[in-house]
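In: Sequence plus the predicted model coming up.
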Amino acid sequence: MSAVRAYWDARAADYDSEEPVEGSGAYWRHVATNVLCQRADVRKTDTIVDLGCGTGNVARTLAPHAKRVIGVDFSEAMLAQAAEDQAIAWVNADLRAAAVPLGTHVVTACFSVSQIDGEERRALFERLHKKLVEGGLLVLADWYANLPFDDIEGIEDWFPPEHVDEVAAMTVLRELEDRGYRVVHEPLHPAVSVLTAMRM
């Protein structure tokens, strides 16, 4: 995981300046981030945890609509970019082990869960199920292989392949359902999906 952390530390300073040109990886990150924020369905009484918050775009978008927002990231350089907003609790931690308050209403993860392997991902889903309120939401926007990545043209420089677990969105959907969530899958692109999972 240290190589992944080093990669994100190196990208922190210019991460938000990447132009979201239509069809680029930055464009689809932007689209998926917007969909994720809409699906989070945040209320003024909610506690939100944004796992893998990076420079804080999702946390800052949701914060005006929630009671409490916690942004978690393992890259100190990314958090340094985010930390100007003092209304959000910024936590330097690995999303696989980060403390999530019992009674959390919404957990978001935008392009971060793909960087852990299947066993870690399933353990995370189980842990979050115990922390979310009944009816609480886990909203994931990520690189999901709706087709094998090798068959999708034009995505070669969207993400470092050695840092992303090539997993089908339907595989993750089934993992969530097996752990007590009701899930809606929104494919946005052959390599990008949003999964909205309600804790049942």
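Out: Happy to help now that I have it. Treat the numbers as computed from the prediction; the structure is a model and nothing was measured.
In: and the residue lying closest to Glu120 once chain neighbours are set aside, what pLDDT?
Out: Of all residues not flanking Glu120 in the chain, Arg96 sits nearest, at 5.4 Å (Cβ to Cβ, 6 or more residues apart in numbering). Where you see a C-beta, it was placed from the backbone N, CA and C, and this is true even at glycine. The model reports Arg96 with a pLDDT of 95.
In: List the residues that contact Arg96.
Out: Listed by Cβ atoms under 8 Å, 6 or more residues apart in numbering, the contact set of Arg96 reads Ile116, Glu120, Ala123, Leu124.
In: and the two most separated of the residues you listed?
Out: Farthest apart among those by Cβ to Cβ are Ile116 and Ala123. That separation is 9.1 Å.
In: neighbour count winner among the two?
Out: Using other Cβ atoms under 10 Å, the more surrounded residue of Ile116 and Ala123 is Ile116, with 19 against 14.
In: Regarding the more buried one, what are the backbone dihedral angles?
Out: With angles defined as degrees, to the nearest 10, Ile116 sits at phi -120, psi 160.
In: Ok, Thr104 next?
Out: Per degrees, to the nearest 10, the backbone of Thr104 is at phi -60, psi 140.
In: What of Arg199?
Out: In terms of degrees, to the nearest 10, the main-chain angles of Arg199 are phi -70, psi 120.
In: got any ranges where this structure has weak pLDDT?
Out: With pLDDT under 70 as the threshold, the chain has low-confidence stretches at 1.
In: Confirm that Arg60 sits in a helix.
Out: Yes: Arg60 forms part of a helix when assessed by DSSP: H, G, I helix; E, B strand; the rest coil.
In: which SS state does the nearest residue to it once chain neighbours are set aside fall under?
Out: Nearest residue to Arg60, sequence neighbours excluded (Cβ to Cβ, 6+ apart): Asp85, at 5.6 Å. Per three-state DSSP, the local secondary structure of Asp85 is coil.
In: Count the neighbours of Asp85 for me.
Out: Counted with other Cβ under 10 Å, residues neighbouring Asp85 total 13.
In: Can you give me every residue that contacts it?
Out: Here Asp85 is in contact with Gly56, Ala59, Arg60, Ala63 (Cβ under 8 Å, 6+ apart).
In: looking at these, which has the most residues close by?
Out: Busiest of those [other Cβ under 10 Å] is Ala59, holding 27 neighbours.
In: what sits against that one?
Out: Ile48, Asp50, Cys53, Val69, Ile70, Gly71, Ala82, Asp85, Ile88.
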